[in-house]
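Asks: Next input, structure requested:
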Amino acid sequence: MKKLDLKQKAFVEALAKDPERNQTKAALAAGYSASTASKRGSELMARPEVQNALQEFIGKASKRSLLTVERVQEELARLAFSDPAELVDEHGKLKPLHEIEPDARAVIASIESEELFDGVGKERERIGTLQKVKLWDKGKALDLAARHLGMVRESPQLQVGALTLVIQD
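Replies: Numbers count the residues shown, from 1 in each chain. Presented below is the predicted three-dimensional model:
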């Protein structure tokens, strides 16, 4: 198998680091001209030695970061199967963090607590607590990780937004 020249190696590295795996951008980053970058990117990716070098580079990067297909799949499953009801008790109050299962905790981005009062001055009394739980929008981050590992070739049509739970007692 042929060895890659410096420009081809630069193409492989740029493509591996691009979460979208955009061949034209990688060719530009490697120093190919803007007028030929699209064509060169496609031509390079058609070469087995470039494909092998890309997979090798991605594999080494994955090992260094401990990012694996299995780990991405686990995180995707946590998000896909998470149930906000696991965060609250039978009365609808947020459970203490140590009582929430790790898989359910993994989807929490932040928790805000605010004490609620009524009245002014000496008449002021505490009437409850407002708790806001924001859940992670890990969809984009996991999509990028999956693309990094070569698990996704096309942009998915599904978008996942953040969800905020408001719990008041």
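
Asks: which regions of this protein sit below the pLDDT cut-off?
Replies: Within the chain, the ranges that satisfy pLDDT under 70 run 1, 62-69, 80, 138-149, 153-169.

Asks: Report the backbone C-alpha coordinates of stretch 112-122 in PDB.
Replies: Written as PDB, here are the backbone C-alpha positions of stretch 112-122 (Å, rounded to 0.1, in the frame of the first residue of the first chain):
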ATOM      1  CA  GLU A 112     -31.700  26.000  40.600                       C
ATOM      2  CA  SER A 113     -33.500  26.500  43.900                       C
ATOM      3  CA  GLU A 114     -35.200  29.700  45.000                       C
ATOM      4  CA  GLU A 115     -37.000  30.200  48.300                       C
ATOM      5  CA  LEU A 116     -40.300  31.900  47.800                       C
ATOM      6  CA  PHE A 117     -41.600  34.500  50.300                       C
ATOM      7  CA  ASP A 118     -44.900  36.400  50.700                       C
ATOM      8  CA  GLY A 119     -45.200  39.700  52.400                       C
ATOM      9  CA  VAL A 120     -42.900  42.600  53.300                       C
ATOM     10  CA  GLY A 121     -40.700  43.400  56.300                       C
ATOM     11  CA  LYS A 122     -41.800  41.700  59.500                       C
END
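
Asks: where do the strands sit along the protein?
Replies: Along the chain, counting by DSSP state E, strands occupy 108-118, 125-135, 163-168.

Asks: got a list of contacts for stretch 24-36?
Replies: Stretch 24-36 has contacts (Cβ atoms under 8 Å, 6 or more residues apart in numbering) with 7-8, 10-15, 18, 37-38, 40-41, 44. C-betas here are computed from N, CA, C, even on glycine.

Asks: can you count the residues close to the residue nearest to residue 10 when sequence neighbours are not counted?
Replies: In space, and not counting its chain neighbours, residue 10 is closest to residue 30: 3.8 Å by Cβ to Cβ, 6 or more residues apart in numbering. Counted with other Cβ atoms under 10 Å, the neighbours of residue 30 add up to 21.

Asks: I'd like to know how far residue 30 sits from residue 13.
Replies: Using Cβ to Cβ, to the nearest Å, residue 30 is found at 8 Å from residue 13.
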